[in-house]
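Asks: kindly generate the corresponding structure for this input.
(one chain, ligands or ions: 2)
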Amino acid sequence: MNITSAEFISSYADVQKCPPPDKPEFAFIGRSNVGKSSLINMVTNHKGLAKISTRPGKTQTINHFLINKEWYLVDLPGYGYANVSKSIRQGFGKIIDGYVMKRENLSCLFILIDCRLEPQKIDLSFINWVGGKGVPIGIIFTKSDKLSRNELAKNVKRFEKTLLEDWEELPPVFISSAEKKSGKDELLVFIKDTLTRLKNQ
Ligand code: GTP
Ligand code: MG
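Replies: Ligands and ions are numbered 1, 2, ... in the order given. As a prediction, the model looks like this:
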């Protein structure tokens with residue numbers, strides 16, 4: 001799928017104020033600084049579309065981007081950033097809870113994982129929480145440019161093995177680098193297939 005248009009629509013801290021749920025929606029979530037906003041820019045080929053920062057906690061709201069006038073791509077705040085107020089740190093945060101549980105047009109929630117790290121408790125508990133609620137998920141390992149091919153394969157396998165301790169099957173898994181601009185095609189094929197499936201339902 002080619003991305004022919006990508007427009008910023010809105011930025012809200014409340015799921016009730018998001019655009020009407022009248023189009024399929026795909027969202028990126030994960031720990032602060034994992035590369036959600038960078039991946040939005042890489043996938044859409046628009047450098048400054050989503051705001052990125054070396055400082056964790058940059059994205060604090062739900063940001064909707066309309067792609068090809070047909071579906072939404074959503075940038076969400078990160079979870080697990082210690083340096084925020086206690087109320088934000090409770091659970092995964094009110095914004096994330098509200099969005100994940102109430103956004104009825106959410107076709108796939110992509111959970112981004114830093115490929116360099118060993119499986120993190122917070123990611124595993126997030127996956128178990130949303131998976132348990134029946135939210136459709138995908139996993140994207142980010143920053144693959146930071147590892148050798150062997151290290152990357154080893155870490156991905158280790159994460160998958162850990163997931164299989166709790167789940168019978170794995171969700172779709174993707175590997176990306178915003179730096180090297182890799183992983184985009186696989187992700188867009190998956191999104192296109194999902195859109196086709198939804199249309200034929
Ligand atoms: P929050 O909005 O704070 O939750 O962060 P985020 O997940 O949106 O991360 P963001 O895209 O702002 O990127 C965080 C930092 O990681 C920035 O310094 C990016 O340049 C860097 N980064 C993101 N993706 C990659 C990648 O694929 N490779 C490398 N090497 N760096 C990356
Ligand atoms: Mg961000």
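Asks: around ligand 2, which positions in the chain sit nearby?
Replies: The interface of the chain toward ligand 2, taken as Cβ under 5 Å from the ion, is made up of 36, 37, 58, 59. To be clear about C-beta, it is placed using only N, CA and C from the backbone, and glycine gets the same treatment.
Asks: how about 6 Å then?
Replies: By Cβ under 6 Å from the ion, the part of the chain that sits against ligand 2 consists of 36, 37, 58, 59, 75.
Asks: and the residue nearest to the second one when sequence neighbours are not counted, what does it touch?
Replies: By the measure of Cβ to Cβ, 6 or more residues apart in numbering, the closest residue to residue 37 outside its immediate chain neighbours is residue 50, 3.8 Å from it. Residues near residue 50 by Cβ atoms under 8 Å, 6 or more residues apart in numbering: 36, 37, 38, 40, 41, 59, 63, 65, 75.
Asks: a markdown table for the residues you listed, including neighbour count and secondary structure?
Replies: As requested, these are arranged in a markdown table below (neighbours: other Cβ atoms under 10 Å; DSSP: H, G, I helix; E, B strand; the rest coil):
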| residue | neighbour count | secondary structure |
| --- | --- | --- |
| 36 | 29 | helix |
| 37 | 22 | helix |
| 38 | 22 | helix |
| 40 | 25 | helix |
| 41 | 20 | helix |
| 59 | 21 | coil |
| 63 | 26 | strand |
| 65 | 22 | strand |
| 75 | 26 | strand |
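Asks: pLDDT check: weakest of those residues?
Replies: Among the contacts of residue 50, residue 59 carries the weakest pLDDT, at 82.
Asks: surely that one touches residue 38?
Replies: No: under the contact definition of Cβ atoms under 8 Å, residue 59 does not touch residue 38, with a separation of 10.7 Å.
Asks: residue nearest the centroid of this structure?
Replies: In the chain, the C-alpha closest to the average C-alpha coordinate belongs to residue 28, at a distance of 1.9 Å (Cα atoms, centre = their mean).
Asks: any idea what that residue is bridged to?
Replies: Beta bridges link residue 28 to residue 75, residue 110 when assigned by DSSP bridges.
Asks: please consider this matter closed, and thank you.
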